[in-house]
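J.: Got a predicted model here, sequence first, then my questions.
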Amino acid sequence: MKTRNTILLASLAALGCFTLLPGARAVTPPPDGCFPNFTTAEGCDALRSLTIGAGNTGLGWRALFTDSTGNFNTAVGAGALVLNNADSNTAVGAAALLLNTSGTQNTALGAAALVFNSSGNSNTATGFSALMDNTIGGANTAIGWEALTANTIGVNNVALGTLALSSNTSGNNNTAIGNLALDNSVSTSEHVAVGRLAGSGITTVNNNIIIGHHNGVHSRFGQEDNVCYIGNIWGANVDDMNGVARMVFVDPDGRLGTALVPVGGNPGKSFGIQAIPDAANQAMLNMKVQNLRATVAQQQQQIETLTTQLKENTAEIQKANAQLEMDKPAANVVVNKR
């Protein structure tokens, strides 16, 4: 942050050198005032409290009124950034970033955009009341009328469209594109919704991908975690191509793809695919196969060890038998003297 501020100050200093160029002329009539530290102020009490802050522009009634040491802020509109004393904020619109005090690198474009933000950083709000209730949430992007308007502490959300993610307060890492997309989601996270009313009924679940019109209350999809929903597919007719069609498959990495199959044929037979039970049974079957393979490998190792030991024992026995034969006493002949 200090490095970026140094670069900005150097850039402003370079711009100031243009006033010293030969033949430089002032506009006629001259603008009101020429303020120090690259400051521009126009409007009743705009930048009234400024002391050492540099590179600020305040246009409008009490724009940047409290700012004393903050740098590189731009406020255009009545009350814009009125309580700010932080750096690198841009507010365009009446009451935009009105209550911001220490939040940095925020951009608010529209009346009451980010109006309650106090210390949240790196937010972008474009549209009337966009991110209006945000206080400390950071890295949110809201574009559209009242997009993300209820967000207070949620982070890393993206809302594009009228009332997109409008009820979200503390959910994180959501992406909503389309009017009323995910508009009822309050504190759920990790959703991607694309389309008007996409995910509009989702209230209690996480980590869904919704493409197309979908209402979580009246759909069979309902309130489920970790689901991908794509509208306008179920029951939709497709054209066959001279008796050949394309089917959609999912590979083990989760990628979607298509392959040609005969119309009316058996795609499983065509591709050597056998009927697969549901995911839970398949997972259990895979585990059993894995355990069986491990058992077989262990038994094979045991057999090899026993075979080696048997060979060693056989060699020892043969060696012992040979020694016994060598140590065996010679036979005595008994003579009958009668």
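T.: Looks like it came in fine.
J.: Could you use CA atoms for every contact and neighbour count after this?
T.: OK.
J.: Run a quick neighbour tally on S88.
T.: Residues near S88, counting by other Cα atoms under 10 Å, number 18.
J.: do the same with F38
T.: F38 has 17 neighbouring residues, counting by other Cα under 10 Å.
J.: Can you tell me the element the nearest residue to it once chain neighbours are set aside falls in?
T.: With sequence-adjacent residues excluded and distances taken as Cα to Cα, 6 or more residues apart in numbering, F38 is closest to G55, at 4.9 Å. Using DSSP states H and E, G55 sits in no helix or strand.
J.: Can you name every helix or strand that the longest helix along the chain contacts?
T.: Scanning the chain for the longest helix, with DSSP state H as the assignment, gives helix 279-327. With contacts taken as 3 or more Cα pairs under 8 Å, 6 or more residues apart in numbering; DSSP states H and E, helix 279-327 sits against no other helix or strand.
J.: What mean pLDDT does that helix get?
T.: Average pLDDT, helix 279-327: 82.
J.: just to revisit the earlier point, wait, doesn't the residue nearest to F38 sit right on N37?
T.: Yes. Assessed by Cα atoms under 8 Å, G55 is found in contact with N37 at 6.2 Å.
J.: ok, how many other residues are close to G231?
T.: 13.
J.: Which residue is the nearest non-sequential neighbour of it?
T.: If the residues on either side of it in the chain are set aside, G231 comes closest to G212, at 4.9 Å by Cα to Cα, 6+ apart.
J.: so who does the one you found touch?
T.: When contacts are counted by Cα atoms under 8 Å, 6 or more residues apart in numbering, G212 touches A193, V194, G195, R196, L197, A198, I230, G231, N232.
J.: repeat that for 7 Å
T.: When contacts are counted by Cα atoms under 7 Å, 6 or more residues apart in numbering, G212 touches V194, G195, A198, I230, G231.
J.: cool, and N156?
T.: Residues in contact with N156 (Cα under 7 Å, 6+ apart) are G138, A139, N140, N172, N173.
J.: quick one: the spatially closest residue to D67 that is not a sequence neighbour and F65, what's the gap?
T.: Nearest non-adjacent residue to D67, counting by Cα to Cα, 6+ apart: N85, 4.5 Å away. N85 is 9 Å from F65, where distance means Cα to Cα, to the nearest Å.
J.: Name the residues of stretch 164-182 that are buried.
T.: For stretch 164-182, burial by neighbour count (16 or more other Cα atoms under 10 Å) applies to 164-182.
J.: From those residues, which land in helices?
T.: Assigned to helices by DSSP H, none of the buried residues of stretch 164-182 qualify.
J.: for the protein, what are the low-confidence residue spans?
T.: Within the chain, the stretches with pLDDT under 70 are 1-27, 33, 214-222, 240-241, 263-281, 328-338.
J.: Figure out the length between the terminal residues of stretch 233-242.
T.: 22 Å.
J.: ditto for stretch 120-128
T.: Using Cα to Cα, the end-to-end distance of stretch 120-128 comes to 19 Å.
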